[in-house]
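**Q** Here is a sequence together with a model predicted from it:
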Amino acid sequence: MKLFLSTLRRYIEKLPAPFKRLLKKIGVYEELVVDEVSMLMDDETLLIRQKIEGRKKKQKKLKRIFWGLVSLVVILGIWGMYSQYKLQKLSEEEQIFSLSPDKQPKTGEEVVKALSRHIIVPQGMPQIALVQDASRLRETQAFFKDVENGDIVVVYDTAIYLYRPSQDIVVNAGDISGIGQVNP
């Protein structure tokens, strides 16, 4: 259609002036010119629409990239907070396992109370001793093979316990009958 109108317009332009005036009088000349202008405008609007659609596609792509990055940041933030929580929990557990010197039990009652958190102790008052020469104890008796300086030996009538206050653990527990065994 566009080709037809442009060809017709060329022919009309070649017509002598009296024919052009006649066509103008009839109104055909203006219609042809207006149609051609509208066709040109249609081409321009088509180009503009194509540009707009291209921009919309780019905007969609940028929105996807933006929301993808936002999602990634949120996921990394959650992962970081979870890691921090786990790290804090591990450090708290380490603090539980290694008591500072000011939190370690000092009196006999505190030692028995700390020991009873880990194991059921017999009734009665125990004898309590602090290990000062661990190497000598290791050589003489099998019960003390894992002893360290600073450990506490708690002896009841029927049982003996080796408690390490620095880590708040029971290192060894045994029957009184096994005390006299010599380390091989």
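**A** Sure thing, it's come through. Numbers count the residues shown, from 1 in each chain.
**Q** what about the strands in the protein?
**A** Per DSSP state E, the chain carries strands over the ranges 127-130, 152-155, 159-164, 169-175.
**Q** Deepest-packed of the ones you listed, please.
**A** strand 159-164 (a mean of 21; mean count of other C-beta atoms under 10 Å). C-beta coordinates here come from the backbone N, C-alpha and C atoms, glycine included.
**Q** Would you mark the buried spots in stretch 129-143?
**A** Using 16 or more other C-beta atoms under 10 Å as the test for burial, stretch 129-143 gives Val131, Leu137, Arg138, Gln141, Phe143.
**Q** quick one: contacts for the second one?
**A** Put plainly, it is Leu137. Contacts for Leu137 (C-beta atoms under 8 Å, 6 or more residues apart in numbering) come out as Val131, Phe144, Val147.
**Q** With the first one instead?
**A** With contact set as C-beta under 8 Å, 6+ apart, Val131 has these partners: Leu137, Phe144, Val147, Glu148, Asn149, Gly150, Asp151, Ile152, Val153.
**Q** Give me the phi and psi angles of it.
**A** phi -80, psi 120 (degrees, to the nearest 10).
**Q** CSV please, covering the contacts of Leu137 and showing pLDDT and distance to Ile119.
**A** CSV is the format used below for those (pLDDT from 0 to 100; distance: C-beta to C-beta, whole Å):
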residue, pLDDT, distance to Ile119
Val131, 89, 18
Phe144, 88, 18
Val147, 91, 17
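**Q** Check these against Lys14 and report the nearest one.
**A** Val147 (119.9 Å; C-beta to C-beta).
**Q** ok, now how distant is that closest one from Gln50?
**A** Distance, Val147 to Gln50, using C-beta to C-beta, to the nearest Å: 86 Å.
**Q** and what of Met125?
**A** To Gln50, Met125 is 96 Å away according to C-beta to C-beta.
**Q** any low-confidence regions in this structure?
**A** In the predicted model, the chain carries pLDDT under 70 at residues 1-6, 8-9, 11-12, 23, 26-42, 93-106, 177-184.
**Q** any idea which helix is longest in it?
**A** helix 28-97 (DSSP state H).
**Q** Mind giving me the packing neighbours of it?
**A** The elements that helix 28-97 packs onto, with contact taken as 3 or more C-beta pairs under 8 Å, 6 or more residues apart in numbering; DSSP states H and E, are helix 2-14, helix 17-26.
**Q** can you rerun that using 6 Å?
**A** If you count contacts as 3 or more C-beta pairs under 6 Å, 6 or more residues apart in numbering; DSSP states H and E, helix 28-97 packs onto helix 2-14.
**Q** neighbours around Ile78, how many?
**A** 10 (other C-beta atoms under 10 Å).
**Q** sorry, back to before: closest one to Asp43 out of the contacts of Val131, please.
**A** So of these, ranked by how close each gets to Asp43 (C-beta to C-beta), first place is Glu148, at 92.5 Å.
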